[in-house]
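Participant: Compute the structure for the input listed below.
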Amino acid sequence: MSHLQKEKLWTRDFVAISMVNFVTMLSMYLLLVTMASYAADTYDAATSMAGLVSSIFILGVLLGRLYGGKEIGKIGSKKMLVIGILFFVTMTLFYLLSISIYVLLLIRFLHGIGVGLATTATGTIAAQVVPDSRKGEGISYFSLSIVLSTAIGPLIGVVLIGYFGYLSIFIFSLVVGIISLLFALPVREPIVEYKEANNGKKGLSLSDFIEPRALPVSIVMLILAVAYSATLSFITTYAAEINLVEAGSMYFFVYGVAILVSRPFTGKLMDVKGGNTVVYPALIIFALGMYLLSQADTSVVFLLAATLIGLGYGNLQSVIQALAIKLTPPHRAGLANSTYFILLDIGIGIGPFFLGFLVPEVGYRGLYLSMVGLIAAGIFVYFLLYGRKESKFTSLETRADS
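Facilitator: Got it, this is the predicted structure:
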């Protein structure tokens, strides 16, 4: 198949599905950072229970992704998207009621399932509407919707609670849920061949839930997500401990800007030169950023670390997602996408729990220094599972395209 003429990326459907993803994730991150304090203030929940109210949502997301990845071929990505959004809007309504802490846990879990279904569908539709010749670039732009929501969501949450109280975050989430539904309804589902390819066999197998071809690069993402979770969970406490509170409040903003500036180039570079050209430098930059963070004693060094972590980890996220999708036949794109996100979510979810045990032993500086070793392990695992075989994978891809 010839790609001499540059295929169109910014179609109506691509823009709409990126917007849907942005507003859905905005609500998700806004609530993730505010639910623990809501549970503590409203229900006098103990710290562990308040933490569970925040994190049980991720379990729901994982379940939604597992089911969504498996069923998307049968149901269709558009239908899955609308079902997921309707589910998440309905659950958001329940936050407005006066309920017990246990009902709140259930609502958080079910809300997570809705978001898991919706975001599996958005990722799949995005992967299908992006032309093959611009896959890296397209996924880079699409996953910016996640980066922006992680930077803006928590900020909106904190501002709303400060000025209007907790009720306002639930009303805001309800409004953005309805907005995402309005964006989703006109989206046209791409027609993908071989949808019924696996329907001949009976019974369930692991490949119904996980895409084997996307698994190697997704395992790399799991390792890197654990390393990144050290900043997500502990950066504000660390900033306070080293007397850089102001720089700490700017961390995610600077991180987001670094990604915004670099994404357009890294996606194109991957399409032209292959994944290794972006992944190896990004891994080294990520490790360097963590090292600088562990040594930071001025705001300049602290925010330079944020920039390097953005350039490193922020670009690894989109490039590895694009690789997971490129290695997979089009009719399994939904599964490839959910496989990638399941492993990413597990890394972000389990990281803080296990790394929390390290902090009393080595302190925050020691924690960030040890993450350099974990990223180095990630480089080795990437080389073993994908890097050294990239030319083989690329030739298989080319044969599949032609």
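
Participant: shaky segments in the stretch 201-350 of the chain?
Facilitator: Scanning the stretch 201-350 of the chain for pLDDT under 70 picks out 201-204.

Participant: Low-confidence regions, the stretch 1-150 of the chain specifically.
Facilitator: Looking at the stretch 1-150 of the chain by pLDDT under 70, you get 1-6.

Participant: For it, which segments count as helices?
Facilitator: 12-43, 47-75, 77-95, 101-129, 135-164 (DSSP state H, counting those that start in this stretch).

Participant: Wait, Ser133 touches Glu7, no?
Facilitator: Yes - contact criterion C-beta atoms under 8 Å: Ser133 and Glu7 qualify, at 5.6 Å. The way it works is simple: take the backbone N, C-alpha and C, and place the C-beta from them, glycine included.

Participant: hmm, back to that, so which of the helices of the stretch 1-150 of the chain gets nearest Ser370?
Facilitator: helix 47-75 (22.8 Å; C-beta to C-beta).

Participant: when you compare where the closest one runs with where helix 12-43 runs, what's the angle?
Facilitator: Helix 47-75 runs at 150 degrees relative to helix 12-43, counting by axes from the mean of the first three to the mean of the last three C-alpha atoms, to 10 degrees.

Participant: so what's the backbone phi/psi at Gly274?
Facilitator: Main-chain dihedrals, Gly274, degrees, to the nearest 10: phi 100, psi 160.

Participant: Now do the residue nearest to it when sequence neighbours are not counted against Val217, distance only.
Facilitator: Nearest residue to Gly274 in three dimensions, chain neighbours excluded: Glu390, at 5.7 Å (C-beta to C-beta, 6 or more residues apart in numbering). Per C-beta to C-beta, to the nearest Å, Glu390 is found 11 Å from Val217.

Participant: still on that earlier bit, from the helices of the stretch 1-150 of the chain, which stretch is densest packed?
Facilitator: Among the helices of the stretch 1-150 of the chain, ranked by average contacts under mean count of other C-beta atoms under 10 Å, first place goes to helix 101-129 (a mean of 24).

Participant: tally of neighbours for the residue nearest to Gly274?
Facilitator: 15 (other C-beta atoms under 10 Å).

Participant: quick one: it and Lys273 touch, right?
Facilitator: No - if you go by C-beta under 8 Å, Glu390 and Lys273 don't touch, sitting 10.3 Å apart.

Participant: export the helices of the stretch 1-150 of the chain to CSV and tack on distance to Ala287?
Facilitator: As requested, those are exported to CSV (distance: least, C-beta to C-beta, whole Å):
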stretch, distance to Ala287
helix 12-43, 26
helix 47-75, 26
helix 77-95, 36
helix 101-129, 27
helix 135-164, 20
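
Participant: among the ones you listed, which is nearest Gly366?
Facilitator: That would be helix 47-75 among these, by C-beta to C-beta, at 23.2 Å.

Participant: can you pull out the strands in the stretch 151-300 of the chain?
Facilitator: Assigned strands in the stretch 151-300 of the chain: none (criterion: DSSP state E, counting those that start in this stretch).

Participant: closest one to Gly356 among the helices of the stretch 1-150 of the chain?
Facilitator: helix 47-75 (10.6 Å).

Participant: packing partners for the closest one?
Facilitator: helix 12-43, helix 77-95, helix 101-129, helix 333-385 (3 or more C-beta pairs under 8 Å, 6 or more residues apart in numbering; DSSP states H and E).

Participant: Please, which helix or strand holds the residue nearest to Gly274?
Facilitator: Element membership for Glu390 (DSSP states H and E) is helix 390-401.

Participant: Distance check, Leu288 against Leu374.
Facilitator: Counting by C-beta to C-beta - Leu288 and Leu374 are separated by 14 Å.

Participant: likewise Phe265?
Facilitator: 27 Å.

Participant: These two: who's more crowded?
Facilitator: The residue with more neighbours, out of Phe265 and Leu374, is Leu374; 18 against 13, by other C-beta under 10 Å.

Participant: Go ahead and confirm that one touches Ala225.
Facilitator: No - taking contacts as C-beta under 8 Å, Leu374 lies outside contact range of Ala225: 10.5 Å.

Participant: Quick one: residues contacting the nearest residue to Ser145 once chain neighbours are set aside.
Facilitator: With sequence-adjacent residues excluded and distances taken as C-beta to C-beta, 6+ apart, Ser145 is closest to Phe22, at 3.8 Å. Residues near Phe22 by C-beta atoms under 8 Å, 6 or more residues apart in numbering: Ser145, Ile146, Leu148, Ser149.

Participant: Would you mind putting these into a markdown table with distance to Thr120 alongside?
Facilitator: Formatted as a markdown table, these follow (distance: C-beta to C-beta, whole Å):
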| residue | distance to Thr120 |
| --- | --- |
| Ser145 | 15 |
| Ile146 | 13 |
| Leu148 | 20 |
| Ser149 | 16 |
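
Participant: Greatest separation within the residues you listed: which pair is it?
Facilitator: Ile146 and Leu148 (7.4 Å).

Participant: between Ser133 and Glu7, who's got more neighbours?
Facilitator: Neighbour count, other C-beta under 10 Å: between Ser133 and Glu7, Ser133 has more, with 19 against 12.

Participant: how far away is the more buried one from Ser370?
Facilitator: Distance from Ser133 to Ser370, by C-beta to C-beta: 41 Å.

Participant: Same check on Phe357?
Facilitator: 12 Å.

Participant: Show me which of these two is the more surrounded one.
Facilitator: Ser370 (17 against 8).
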